[in-house]
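In: sequence and predicted structure, then a few things I'm wondering about:
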Amino acid sequence: MQTGRTRRASRRLVAVALLLALLAGTACAPLTVPEEQALGNQFEQSMRGELAFVYDRTIVDYVRKMGAELVAAAGPQPFEYRFYVVVDDEINAFAGPAGHIYVHTATILKARNASELAGVMAHEVGHVAKRHIAANYNRSRNTQIGANLVTLAASILGGGMVGNAASLGTSLAAAGFLNSFGREAEHESDVFAVRAMARAGWSPDGLVSFFELLLHEQGGGGPSFLSSHPATQDRIAQTRAEIEKLDPSRSLRVNDGGKFEIIQRRIELVTGRHRLRRR
Ligand SMILES: [Zn+2]
C-alpha cells in the first residue's frame, strides 16, 4: 500500500513524464485544446504561488459572474474560463493558457464604470478564444522562454522549485511572453470584445473609454497593460468603427445600478489600498 506521500510523488512523476512528452513530442504541431488545458492547469498552479489573490467572496463572485456572462455571450468555447482578482497596483489584466484570466485590483479601482471593466475582461477572453495564447506558446517553443516553460512545468510538478526566485522569474516571464500580442491579434480581440459585450448587454464604449484612460495614464511610463496590449489612436478608431456596426436600437448599459462601485469600495476595504486618484 502506498503512503499519501509516495502516491503523491508517483502521481507527480507520471504527470512530469506526461507533460514533458506533451511539450517535447509535439514540437511542430499547433497546441491542441487538451494540451492547452494541461498547460493552463500548470500555469494556474504557478501563479497561485506568486501572486496575491483576493479571496473575498463578494468581490470574486462579482468578477466571475461578469466574466461568465461575457463568455456565455461569446458563444461555445473550447475552455472553461476562470477569473481571478490579483492585489496589484499596476493597471493590468492577463490571460494564461486555457482561459485562466487574472485581473489586477488597480484595473477595477481605476475603471470609471462597470462597462470599462467588462471591456478589459472581454478583451482578455478574446485572446484565449481566438487561440492567441496557443499561437504564442507555439512561437515560444524554440526560444529560451519555451525551454523555461518546460522547466517551469516540470518544477511545479516536481514540487521542488516552487516559490524560489528561479521559478518566480520564470513563470512571470512566461506569463509576459504568452501575453505579448501583435497588432492583428489585438484587433481581433477588440472585435471579439465589442461583439461579446454587446451580446452580454454592456456598452462596448467602455472598451474605448478604458483605452483612452490608459493613453492618458501613459505619461508616467505607462501601465503594464499598455506594453502587452498597446492602446494606440489607430486601435481606438478601429474599435469605434466596429461599434458602429452594431444595431443602434439595442439599449446597452454602462453601469449596473451601483454594484460595481460597491465592489470598488470593498476592494479598498479588503486590500487596505486607497482608490487611485481619478483624473
Ligand atoms: Zn490584448
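Out: On my side now, so go ahead. Every value quoted in this text rests on a predicted model; they were computed, and no experiment measured them.
In: what residues does stretch 204-214 touch?
Out: 91, 110-120, 122-123, 190, 193-194, 197-198, 222-223, 225-226, 231, 235-236, 239-240, 242-243, 246, 252, 254 (Cβ atoms under 8 Å, 6 or more residues apart in numbering). C-beta coordinates here come from the backbone N, C-alpha and C atoms, glycine included.
In: buried sites along that stretch?
Out: Across stretch 204-214, burial judged by 16 or more other Cβ atoms under 10 Å covers Pro204, Asp205, Gly206, Leu207, Val208, Ser209, Phe210, Phe211, Leu213, Leu214.
In: that older thread, which of the contacts of stretch 204-214 are buried, as a PyMOL select command?
Out: The buried subset of the contacts of stretch 204-214, as determined by 16+ other Cβ under 10 Å, is captured in PyMOL by this line:
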select buried, resi 91+110+111+113+114+115+116+117+118+119+120+122+123+190+193+194+197+198+223+225+226+231+235+236+239+242+243+246+252+254
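In: which of the contacts of stretch 204-214 fall in helices?
Out: 110, 114-120, 122-123, 190, 193-194, 197-198, 225-226, 235-236, 239-240, 242-243 (DSSP state H).
In: please identify the helix or strand for Glu69.
Out: helix 57-73 (DSSP states H and E).
In: from the ion, how far off is Ala106?
Out: Distance of Ala106 to the ion, computed by Cβ to the ion, to the nearest Å: 17 Å.
In: model confidence over whichever strand or helix holds that residue, on average?
Out: Taking DSSP H and E as the definition, one finds Ala106 inside helix 105-110. On average, the pLDDT along helix 105-110 is 96.
In: change the start of the numbering to 97 and stick with it
Out: That works, and once the first residue is 97, the last one we named lands at helix 201-206.
In: who are the packing partners of that helix?
Out: strand 178-182, helix 210-225, helix 355-367 (3 or more Cβ pairs under 8 Å, 6 or more residues apart in numbering; DSSP states H and E).
In: where in this protein is pLDDT low?
Out: Applying pLDDT under 70 to the chain picks out residues 97-125, 236-269, 314-327, 369-375.
In: name the SS class of Glu176, please.
Out: Secondary structure, DSSP: H, G, I helix; E, B strand; the rest coil: Glu176 is coil.
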